[in-house]
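**Student:** I would like to see how this sequence folds:
(chains A and B)
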Protein chains: 2
Amino acid sequence: MNIKRFFPILEWLPSYCLTTFNQDLLAAVIVTVMLIPQSLAYAMLAGLPPEVGLYASIAPLILYAVFGTSRTLSVGPVAVIALMTGATAGAIALPGSSEYITSVLLLTFLSGAMLTLMGLLRLGFLANFLSHPVISGFITASAVIIAFSQLKHLLGVSASGHNVLSLFSDLVQQIPNVHLITLAMGTGTLIFLYAARWWLKPMLSGLGIPAGLASGLGRLAPIIAVIVTTWICGHFALADAGLAVVGQIPAGMPPLTLPGFDTALWSQLAVGALLISIVGFVESVSVGQTLAAKRRQRIDPNQELIGLGSANLGAAFSAGMPVTGGFSRSVVNFDAGAQTPAAGAMTALGIMAVILWFTPLLSNLPIATLAATIIVAVLSLIDLHAITHTWRYSRTDFSAILVTILITLLQGVEAGIMAGVGLSLALHLYRTSLPHSAVIGRIAGTEHFRNVERHQVETDPRILILRIDESLYFPNSRYLEDRISELTALHPQMQHLILSCQAVNHIDTSALDSLEVISQRLRDAGIALHLAEVKGPVMDRLKAVDFPQQLNGRVFMSTYDACKTLKKDSYLTAAESVENP
Amino acid sequence: MNIKRFFPILEWLPSYCLTTFNQDLLAAVIVTVMLIPQSLAYAMLAGLPPEVGLYASIAPLILYAVFGTSRTLSVGPVAVIALMTGATAGAIALPGSSEYITSVLLLTFLSGAMLTLMGLLRLGFLANFLSHPVISGFITASAVIIAFSQLKHLLGVSASGHNVLSLFSDLVQQIPNVHLITLAMGTGTLIFLYAARWWLKPMLSGLGIPAGLASGLGRLAPIIAVIVTTWICGHFALADAGLAVVGQIPAGMPPLTLPGFDTALWSQLAVGALLISIVGFVESVSVGQTLAAKRRQRIDPNQELIGLGSANLGAAFSAGMPVTGGFSRSVVNFDAGAQTPAAGAMTALGIMAVILWFTPLLSNLPIATLAATIIVAVLSLIDLHAITHTWRYSRTDFSAILVTILITLLQGVEAGIMAGVGLSLALHLYRTSLPHSAVIGRIAGTEHFRNVERHQVETDPRILILRIDESLYFPNSRYLEDRISELTALHPQMQHLILSCQAVNHIDTSALDSLEVISQRLRDAGIALHLAEVKGPVMDRLKAVDFPQQLNGRVFMSTYDACKTLKKDSYLTAAESVENP
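**Tutor:** Numbers count the residues shown, from 1 in each chain, chains lettered A, B, ... in the order given. Down below sits the predicted model:
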């Protein structure tokens, strides 16, 4: 049982059979074909030689098959993580230099080590602090940056820039140097890919081809683009005419690499590695959970950390780059019928075959084609719906999206994420520090109590009932003191105050102190404090410190009980009960 | 109305009468006498010349009378703030140097400006993030540091040290150099003060003197100690024998001072000023609220920020030091019958008279006497009860106290507060990220539902009811996804899932996204998702984004309604309903 938790492979391997093998094999072949251009493109996006993307699609897949809990997740290089890798390593060394590659390997190692450690310590909940608005804003902004960064490959010029604005001005200055063959090849691919995406599937469906097959053929468009443009480039020797191509990829297995032990470099890369780990984990887990749910399977997020951690450690020791579970390839894997992570392991064997025997076929692949596939892939990540949806639902969450997008675009990916997380936390704390509370009165003839400001209810000037709609803890405990001071000053006839606590899930020490202070102050003012509808676990804790005994009032099961009891003459010392409209 | 909010003096000044004047005057005389040794002692504690304490007890009191909302709070130098001032300024310059005094004035100015700004922006809620365990741990640790720092004055030796450990080792090394007259004077005063505190009041009460007067006479003990030891020192010329005394205090009004504009110094002092502002504000507001409540008055925390801010700005421009509302002096002011802040203004006039005409009387006051009064005052701040009480109530809050105390003692006051606040926030977020939820079932024959693990309830394998005991927001939204994935995998017969939301006070965008994802995943798995007991404001928001329409289930008023409706045959597709024990 315990061994199975750490080696999820033991869940499915013992009962592996030929039927499953055939299903997995088919999925593996399809995913391998799809992965070749993706791996090359994302390595390029991270500023790395193309073969690094292929290397990162071998060992990580095999390790994930052993340690991962999702049956259908397909790990490897993905766009956003490639962008973050480039941004972090680019701050240390120049892309193309050997220091750059060293930095990327160390980053991969650190990320793998952090993920594994978080998994062993069961710290998966840390990823929760990346709120959906922050992730969605971050991915949208990253997609814009990635698309902008690929424009130079479509135009055949060189440009650099730390943010979208400087990239844009660089590109504008380079317009006179545009390489026309590259431009034709790039925009041609772009138009083809969009045409395939928007028209191919409806057209095929119109021809009577089943929707599943039509959609599958649609996904092959990038492969077709790669084959066609590579053939054109080779046939017309366009590389000699200045068209940038992938070039000679060294054949052979990935070399064994070891991360360096330069502690200064470790500390420079630590924050970047942490952010890459968390963003990758969040993306991967949400894809994994969505796919698992479709088959009523489940994944264990803490074990997923170990699975992704080992995948990244594998990448670090085999000349790879940071990897995570990718959305599009996992969907293809799932749709193609993969049943177990063995499909992933077979995909790794497929990529291995490519790198051993088929790299010469890729040497004439134009960079512009890869850039076009990247642009099409990342533009679909821009989530305008999430932005408008959040605007309608919550203005505070919308501000978190907006800040994340702006800071990511203008200051970079690390600053963007951290600003978003910081703002989300601050907004959450601000909101709970001003909890909703309402003075309530009884709806005539019932046992129900409602807000006096919204409903026609009965009140008594000598008995005030305050309903608290939030857990009580330090950011809001003093608010309660203020609120009750205010009510005490406003209601000079008050003799009893009832706190109605049905929505109070927790009372921390600060709030307990506040309740004691409130009880004491009310006692000094000649007012009794009562509690009603306190939840069981909350009451258990209050009893542990004898709070009910210190109270100069009582604890009632329900607000109705409290009112009924206190309205008896013996509890009230002056004036008649008055029915307020 | 609006003018009165910003000038609370207009609330009471127009109706000021002779009776009130007489009451205020009596309180002012008593507080003035008490304030003289306190002001000198706290200036010394902050590493400043003694007259600075007196200067800080003039302009701030007058300004607070104009802008403050508490009728009885007495502002001036206090022990913990003096310690923090010394720690912050001591990191910049050597105590006694002119740079040191410049730093303190700038710190006072920054603190005044921050408080005023926070008040104008109504940011008083920020102080809430200092939880009670953190404050209580911080004050206890500060008291220990202060008491240790005064031991050298009792022993007549010199010692310095950044934390309690280094101070202690310094003192031990200095034991051979102890000055015996100083030791005798210091320990004599200490014994007298403790005797007065423990025995005088009961003794006086035993002699038939009323408790109020006995307690008042007990508070005069420090004054008696000051008068007696000053007389002894003068009569026997002990200053010539090496007893350290206050010495010549320059007579005359406080000089006008202007804060410097050295921006480097500003940024070095900013964090310290912020912490001093917040700690001072928290202390002052809690004293003010306690006293106000006794007379059914109230204070406005945001206007209090302006009141304390102007008091500190006043101190900064009149050669003072940071001030705040002090506990002991405010209680004396209140008990002596002060009715309005005019008592504070009269106290300021009293201190002014002292500084103009009576400073020669203070020149023979032994430093050892002041040190003894400080030690007695701060040791009463050590709150062991809070520590044991917190231990009994909550182990997480206890860990926050412990960390605050240890870091304050070993690393200093700024590090201590920041570690405490950081830990409190982290613990809170961790707790809410793992919200309590329970699968519930119906108590036979009732409309009540309870946790299946704790009660004998009826369940149906086709209908699962999950009660959520926390607001849903980003740190816990993914937890809900995991929990429901787990339940789906565990209950293969499930056809309906009901979320019972009576304790959900808020659903943020992340949690809304999670609910949409959960709804989609359950739909894929052939399960309908229903909501029950959703609160009004929460439902309004869900309706704004048409969530109920997207749901593949329904929204029910109560859990009972939901169960009753779903148990009808039309909703269930298979198997018989089974009554589980």
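
**Student:** residue ranges of the helices in the stretch 51-200 of chain A, please?
**Tutor:** A:59-67, A:79-90, A:98-120, A:132-155, A:164-174, A:180-195 (DSSP state H, counting those that start in this stretch).

**Student:** just flag whichever of those helices has the lowest average confidence.
**Tutor:** For the helices of the stretch 51-200 of chain A, the weakest mean pLDDT is recorded on helix A:164-174, namely a mean of 85.

**Student:** What is that one packed up against?
**Tutor:** Identification of packing neighbours for helix A:164-174 by 3 or more CB pairs under 8 Å, 6 or more residues apart in numbering or on different chains; DSSP states H and E yields helix A:132-155, helix A:395-411. In this view, the C-beta of every residue, glycine as well, is placed from N, C-alpha and C.

**Student:** show me where pLDDT drops low in chain A?
**Tutor:** A:1, A:161-162, A:569-581 (pLDDT under 70).

**Student:** How is it partitioned into domains?
**Tutor:** In terms of domains, chain A is parsed into A:2-426, A:437-571 (source: automatic domain parsing).

**Student:** Any idea which of the helices of the stretch 51-200 of chain A gets closest to A:Val545?
**Tutor:** helix A:98-120 (35.5 Å; CB to CB).

**Student:** Using PDB, list the CA coordinates for the closest one.
**Tutor:** Provided in PDB are the C-alpha atoms of helix A:98-120 (Å, rounded to 0.1, in the frame of the first residue of the first chain):
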ATOM      1  CA  SER A  98      27.900  27.600 -22.500                       C
ATOM      2  CA  GLU A  99      27.100  29.500 -19.200                       C
ATOM      3  CA  TYR A 100      23.600  29.800 -20.500                       C
ATOM      4  CA  ILE A 101      23.200  26.000 -20.900                       C
ATOM      5  CA  THR A 102      24.800  25.400 -17.500                       C
ATOM      6  CA  SER A 103      22.300  27.800 -16.000                       C
ATOM      7  CA  VAL A 104      19.400  26.000 -17.700                       C
ATOM      8  CA  LEU A 105      20.600  22.600 -16.500                       C
ATOM      9  CA  LEU A 106      21.000  23.900 -12.900                       C
ATOM     10  CA  LEU A 107      17.600  25.600 -13.100                       C
ATOM     11  CA  THR A 108      16.100  22.200 -14.200                       C
ATOM     12  CA  PHE A 109      17.900  20.500 -11.400                       C
ATOM     13  CA  LEU A 110      16.700  23.000  -8.800                       C
ATOM     14  CA  SER A 111      13.200  22.900 -10.000                       C
ATOM     15  CA  GLY A 112      13.200  19.100  -9.900                       C
ATOM     16  CA  ALA A 113      14.700  19.000  -6.400                       C
ATOM     17  CA  MET A 114      12.200  21.600  -5.200                       C
ATOM     18  CA  LEU A 115       9.200  19.700  -6.600                       C
ATOM     19  CA  THR A 116      10.400  16.400  -5.200                       C
ATOM     20  CA  LEU A 117      11.000  18.000  -1.800                       C
ATOM     21  CA  MET A 118       7.600  19.700  -1.800                       C
ATOM     22  CA  GLY A 119       6.100  16.300  -2.600                       C
ATOM     23  CA  LEU A 120       7.900  14.500   0.100                       C
END
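
**Student:** Assess the claim that A:Pro259 and A:Ala316 are in contact.
**Tutor:** Yes. Counting by CB atoms under 8 Å, A:Pro259 touches A:Ala316, with 5.8 Å between them.

**Student:** Looking at those two, which is more packed in?
**Tutor:** Of the pair A:Pro259 and A:Ala316, A:Ala316 is the one with more neighbours under other CB atoms under 10 Å in any protein chain shown, namely 27 against 19.

**Student:** residues touching the nearest residue to that one once chain neighbours are set aside, list them.
**Tutor:** Closest residue in space to A:Ala316, ignoring its immediate chain neighbours: A:Phe109 at 3.7 Å, by CB to CB, 6 or more residues apart in numbering or on different chains. By CB atoms under 8 Å, 6 or more residues apart in numbering or on different chains, the contact list for A:Phe109 reads A:259, A:312-313, A:316-317.

**Student:** Between those residues, which sits nearest chain B?
**Tutor:** In terms of CB to the nearest CB, no member of these lies closer to chain B than A:Asn312, at 21.1 Å.

**Student:** Could you give the number of residues near A:Gly420?
**Tutor:** Neighbour count of A:Gly420, defined by other CB under 10 Å: 27.

**Student:** same deal with the one 10 residues further on?
**Tutor:** Around A:Tyr430 sit 15 other residues, with neighbours defined as other CB under 10 Å.

**Student:** Tell me if it really is in a helix.
**Tutor:** Yes. Assigned with DSSP: H, G, I helix; E, B strand; the rest coil, A:Tyr430 falls within a helix.

**Student:** Distance to B:Thr140 added to the domains of chain A, as JSON lines?
**Tutor:** Formatted as JSON lines, the domains of chain A follow (distance: least, CB to CB, whole Å):
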{"stretch": "domain A:2-426", "distance to B:Thr140": "28"}
{"stretch": "domain A:437-571", "distance to B:Thr140": "14"}
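
**Student:** Nearest to B:Leu487, out of those?
**Tutor:** Nearest of the domains of chain A (CB to CB): domain A:2-426, 9.5 Å.

**Student:** Any idea how far apart the tips of that closest one sit?
**Tutor:** 40 Å (CA to CA, to the nearest Å).

**Student:** what's the answer for stretch A:87-95, then?
**Tutor:** Chord length of stretch A:87-95, first to last residue, is 10 Å (CA to CA).

**Student:** can you give me how far that stretch is from the chain middle?
**Tutor:** Relative to its parent chain, stretch A:87-95 has a centroid offset of 24 Å by CA atoms, centre = their mean, to the nearest Å.

**Student:** buried set for that stretch?
**Tutor:** Within stretch A:87-95, the residues scored as buried using 16 or more other CB atoms under 10 Å in any protein chain shown are A:87-90, A:92-93.

**Student:** List, one by one, the residues from the stretch 51-200 of chain A near chain B.
**Tutor:** A:125, A:127-133 (CB under 8 Å from any CB of the partner chain).

**Student:** I'd say A:Ala371 and A:Gly186 touch.
**Tutor:** Yes. A:Ala371 lies in contact with A:Gly186 (CB under 8 Å); the separation is 6.1 Å.

**Student:** Mutual contacts of those two, please.
**Tutor:** With CB under 8 Å, 6+ apart as the test, A:Ala371 and A:Gly186 both reach A:153-154.

**Student:** picking that back up, any shared contact partners between A:Pro259 and A:Ala316?
**Tutor:** With CB under 8 Å, 6+ apart, A:Pro259 and A:Ala316 have common neighbours A:105-106, A:108-109.

**Student:** which ones are touching A:Leu126?
**Tutor:** Applying CB under 8 Å, 6+ apart, we find A:Leu126 in contact with A:118, A:278.

**Student:** One more pass at 10 Å, please.
**Tutor:** A:118, A:274, A:277-278, A:281, A:305, B:429-430, B:433, B:475 (CB atoms under 10 Å, 6 or more residues apart in numbering or on different chains).

**Student:** so which helix or strand takes in the residue nearest in space to the middle of chain A?
**Tutor:** What sits nearest the mean C-alpha location of chain A, by CA atoms, centre = their mean, is A:Val282, with 3.9 Å. When elements are assigned from DSSP states H and E, A:Val282 belongs to helix A:263-294.
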